[in-house]
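In: sequence plus the predicted model coming up.
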Amino acid sequence: MSEESGRRDRESPSVRGVYGISVAAELSGFGVAALRLYEEYGLITPGRTGGGTRRYSDFDLARLRRIAELIDAGVNLVGIGRVLDLEHRTGELERDNRRLEADNAQLRADQDPDAASADDPAGETAPEPGTGRTGRRRSPTSQGRTCVGGGAAREQAGGDHH
């Protein structure tokens with residue numbers, strides 16, 4: 001991310017603190033003391049002015065709505081902190097996964113088709129169940145098991161002893 005886009009993100013209304021504590025309390029439905037308590041527990045982290053005044057962003061207000069949902073569901077404040085952290089981490093992992101899937105698709109598209117046929121003389125691919133991704137088609141062995149590569153040769157050589 002460039003420095004300019006990082007600066008633009010911090011300055012966007014959704015993450016820039018623009019609401020004072022009394023306005024945030026009114027908009028969220030929580031009291032001022034509750035907002036201070038949630039900050040103490042690390043559930044929200046409002047921005048601060050040069051003089052130290054709390055400034056809440058749209059992101060903070062959305063987080064407060066999520067906190068209200070969890071409270072209504074009977075989750076205590078420590079549990080809410082764990083849930084919020086896990087939700088945040090899950091979002092990061094989902095973004096990483098989407099990026100990796102796109103990278104993988106691009107690499108597959110760029111891959112030399114001759115390299116794939118050298119790996120699998122039949123050149124067969126089939127979608128992996130439930131993923132839509134392609135992989136090598138596995139052929140059944142004479143004993144009804146599935147193997148890839150030299151599995152049948154190992155069985156004939158007696159290498160599959162249990």
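Out: All right, it came through fine.
In: show me which positions of the longest helix along the chain end up buried.
Out: Determined from DSSP state H, the single longest helix within the chain is helix 77-110. Of all the residues in helix 77-110, those buried under the rule 16 or more other CB atoms under 10 Å are 80-81, 83-84. Backbone N, C-alpha and C define where each C-beta goes, glycine included.
In: can you list those in TSV and add distance to residue 33?
Out: Below are the buried residues of helix 77-110 laid out as TSV (distance: CB to CB, whole Å):
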residue	distance to residue 33
80	17
81	18
83	22
84	20
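In: those: which two are farthest apart?
Out: Using CB to CB, those span at most 7.4 Å, a distance reached by 81 and 83.
In: can you show me the strands along the chain?
Out: For the chain, applying DSSP state E gives strands covering 47-48, 54-55, 125-127, 134-136, 139-140, 146-147.
In: any stretches of this structure with poor pLDDT?
Out: Scanning the chain for pLDDT under 70 picks out 1-13, 112-162.
In: at 90 instead, please
Out: 1-17, 111-162 (pLDDT under 90).
In: measure how buried residue 59 is and give me the count.
Out: A total of 17 residues lie near residue 59 under the criterion other CB atoms under 10 Å.
In: do you know how far it is from residue 96?
Out: 20 Å (CB to CB, to the nearest Å).
In: give the contact list for residue 54.
Out: Neighbouring residues of residue 54 by CB atoms under 8 Å, 6 or more residues apart in numbering: 17, 20-21, 24, 35, 39, 46-48.
In: that should have said residue 49, apologies.
Out: residue 55.
In: and the residue nearest to residue 53 when sequence neighbours are not counted, how far from residue 49?
Out: Once flanking residues are discounted, residue 53 sits nearest to residue 20: 6.8 Å by CB to CB, 6 or more residues apart in numbering. Residue 20 is 9 Å from residue 49, where distance means CB to CB.
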